[in-house]
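K.L.:
All I have is the shape, not the residue letters:
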């Protein structure tokens, strides 16, 4: 229906006039159609979010400059492993210069930079631009969002830390160091990187989710991952030097994520302890290390759920 633009009592020229009784007041079909295709549901939405977040952790699907830092850090992670393989093959050594379980602990500064760069990218932008409520409209729910982000960050970290171990393993086989021994150590190393990835992904995401500002998130993640580690390591060294106390060194290792993983890998995965004096947790301490690790992971999950309960409403 076209509005009458003539002059009517009480109106000015050109004003739209409501339809009078008996006139055609139907709403015309302007071509909008409803969706008749398949509805893939929550599982597909959750998987799509996981894949998108995992790709984003390496800058895939983003601008070229977004790929620079993650791949530079990945190269820094892999190059030492390649150098160790080259030295082993050329010199004919009967073992690799470093055990598989030690690699992730030695490279913690590089890994910390990667977490600090990518954890805020995964969650801070959603908070800053207030897109989180859109995820929670339908069909995805809060647990789906947190689970997808947590799984994606864990997978990205595991790829980041396990690729150098693959290089070491290939080099060990190339140098004919013994298939059974290298395979056993390789699997132990993968176990260590898995524990490291799950724990540090939760901590990184939780710290990054506390602020919508990516810059603040980067600084906060670096502080949380580095300051406790170096503080605990320093206090452990003092305890070892002054008192030669294996008990103090071992229990102090519970106070930072990095030393916590060190204790786990030496107690359960056959790795060498990186603590001052090379002290390893005893049976009781090893059980406490496992419980604290599980508690931290569960605590990070619960805190993320609480954070997004507030952000998603």
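P.N.:
Structure's in. What do you need? Computed from a prediction, not measured in an experiment: that's the story for all the values here.
K.L.:
Endpoints of stretch 243-257, how far apart?
P.N.:
Length of stretch 243-257, first residue to last, Cα to Cα, to the nearest Å: 24 Å.
K.L.:
Next, count neighbours for the nearest residue to residue 165 once chain neighbours are set aside.
P.N.:
Among residues not flanking residue 165 along the chain, residue 189 sits closest, at 4.7 Å (Cβ to Cβ, 6 or more residues apart in numbering). All C-beta spots, glycine's among them, are computed from the backbone N, C-alpha and C. Using other Cβ atoms under 10 Å, residue 189 is surrounded by 27 other residues.
K.L.:
residues contacting residue 189?
P.N.:
By Cβ atoms under 8 Å, 6 or more residues apart in numbering, the residues touching residue 189 are 99, 100, 101, 103, 104, 162, 165, 168, 269.
K.L.:
all helices of the stretch 151-300 of the chain, in order?
P.N.:
Along the stretch 151-300 of the chain, counting by DSSP state H, counting those that start in this stretch, helices occupy 179-209, 214-243, 246-252, 257-268, 283-311.
K.L.:
Please report the distance of the nearest residue to residue 197 once chain neighbours are set aside from residue 196.
P.N.:
Spatial nearest neighbour of residue 197, excluding adjacent residues (Cβ to Cβ, 6+ apart): residue 157 at 3.9 Å. From residue 157 across to residue 196, the span is 7 Å (Cβ to Cβ, to the nearest Å).
K.L.:
list residues touching both of those two?
P.N.:
Taking Cβ under 8 Å, 6+ apart as the contact rule, residue 157 and residue 196 both touch residue 111.
K.L.:
Going by distance to residue 233, which of the contacts of residue 189 wins?
P.N.:
residue 104 (15.6 Å; Cβ to Cβ).
K.L.:
quick revisit: possible to save the helices of the stretch 151-300 of the chain as CSV with mean pLDDT?
P.N.:
Listed next are these as CSV, based on pLDDT from 0 to 100:
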stretch, mean pLDDT
helix 179-209, 95
helix 214-243, 91
helix 246-252, 90
helix 257-268, 94
helix 283-311, 93
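K.L.:
and which of the contacts of residue 189 is nearest to residue 220?
P.N.:
residue 104 (22.2 Å).
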